[in-house]
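Asker: Give me a 3D structure for the following:
(one chain, ligands or ions: 1)
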Amino acid sequence: MKVVITGGSGFIGSHLADFFIDSNYEVVVVDNLSIGRLENISHLFVHSKFTFLEADITDFDSIEIVFKDADWVFHLAALADIVPSIENPNEYYRSNVNGTFNVLEACRKYHVKKIIYSASSSCYGIPDEYPTKETAEIRPQYPYALTKHLGEQLVMHWSQLYSLPAVSLRFFNVYGTRARTSGTYGAVFGVFLAQKLAKKPYTVVGDGFQTRDFTYVSDIVNAIVTAAESNLSGEIINIGSNNTYSINHLVELLGGDVVYIPKRPGEPNCTWADISKAKQLLNWHPKVSFEDGVEVLLSNIDYWDNAPIWDKNSIAKATEKWFEYLS
Ligand code: UDP
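Answerer: Residues are numbered from 1 along each chain as shown. All right, here's what the predicted structure looks like:
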């Protein structure tokens, strides 16, 4: 079995690459290293079944050949983060929409047996109902959310029209080892763990009572593999932890001081996936408790050494456009 992982040197992709190398698959990682880090996959280079192609999914000619004879494709390559997507919608459109188009065309050309798309729960924006079902209204708030959703629509269209077996998984707040952003202000774990290492206070947004459906990366990998192995096609499925946890609880688990920063416009007070579809169709259940997941991160905290350390002022500056456009 040969699998192709776009974005395979990133946070989730590199864990997926580990899984498939451990399971003795032939693994090809395609990544332009814009967000992904070689450090995440360097330990895999010694394996004869592992190949790394440094290439950009926006360039069809440079990536298509690795899709030849591929059984499964995992499309995780994308530009992430909110503010840069507001500042550079063009780049986000190219990577997340045109890039997805190229990946789909390569899958179609080489008759790939299954493609799994990593979609984002940000498509729900501020939903009316919690836990949120897949049928909730689509309300993207910024180009990252919009372009990831457009990518999902492409995947569903290719599945329907060209009979390309495809499943889109909507991930909710994934966290775990290697969850580190490159330079832009991003997901909370990367921010807080770097602050903890530097003995700086955690920058808590609002009153910290907002909650997130923090889902541990090994549960995500499990869901992705289960979806690939299944006979499903044309399905969109939420993947979450079955729970929602406050930022204050996260701070309690990490331990340390806090500084409060303004509530961000356009962000939900809660994210919480209704995962009954995943349970029913995939027989998938999350296994890692939030407390255990955070514990694992704390024992691997050195990974965030030299990561950007954010504070109240640098965050205010980095999120100027966010406040300007979303309020
Ligand atoms: N958050 C925070 N301080 C930070 C960054 C994030 O308190 O410096 C909070 C944020 O308000 C949100 C949660 O952490 O409730 C998760 O934020 P993240 O940006 O990781 O994910 P998203 O808001 O997109 O779900």
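Asker: check contacts around the residue lying closest to residue 307 once chain neighbours are set aside.
Answerer: Closest residue to residue 307 apart from its sequence neighbours, by C-beta to C-beta, 6 or more residues apart in numbering: residue 194 at 4.0 Å. Every residue, glycine included, has its C-beta placed from N, CA and C. For residue 194, the contact set (C-beta atoms under 8 Å, 6 or more residues apart in numbering) comprises 180, 304, 307-310.
Asker: Kindly recompute the last result at 10 Å.
Answerer: With contact taken as C-beta atoms under 10 Å, 6 or more residues apart in numbering, residue 194 is in contact with 180-181, 200, 301, 303-310.
Asker: what does residue 32 give?
Answerer: Contacts for residue 32 (C-beta under 10 Å, 6+ apart) come out as 6-7, 9, 53-59, 62-63, 77, 95, 99.
Asker: Among these, name the buried ones.
Answerer: By neighbour count, with 16 or more other C-beta atoms under 10 Å, the contacts of residue 32 hold 6-7, 9, 53, 55-58, 62-63, 77, 95, 99 as buried.
Asker: List just the nearest of those residues to residue 21.
Answerer: residue 9 (13.3 Å; C-beta to C-beta).
Asker: circling back: how much space between the residue nearest to residue 307 and residue 166?
Answerer: If you measure residue 194 against residue 166 using C-beta to C-beta, to the nearest Å, the figure is 36 Å.
Asker: again with residue 133
Answerer: Distance from residue 133 to residue 166, by C-beta to C-beta: 20 Å.
Asker: Those two - which one has more neighbours?
Answerer: Between residue 133 and residue 166, residue 166 has the larger neighbour count (other C-beta atoms under 10 Å), namely 29 against 15.
Asker: Please name the residues that touch the closest residue to that one other than its chain neighbours.
Answerer: Nearest non-adjacent residue to residue 166, counting by C-beta to C-beta, 6+ apart: residue 159, 3.9 Å away. With contact set as C-beta under 10 Å, 6+ apart, residue 159 has these partners: 104, 115, 117, 165-168, 233-235.
Asker: wait, which of the residues you listed is closest to residue 73?
Answerer: Residue 73 has its nearest neighbour among these in residue 115, at 4.5 Å by C-beta to C-beta.
Asker: Show me what counts as buried in the helix or strand the closest one falls within.
Answerer: Assigned by DSSP states H and E, residue 115 belongs to strand 114-120. Buried residues in strand 114-120, counting neighbours by 16+ other C-beta under 10 Å, are found at 114-120.
Asker: Cool, thanks, signing off.
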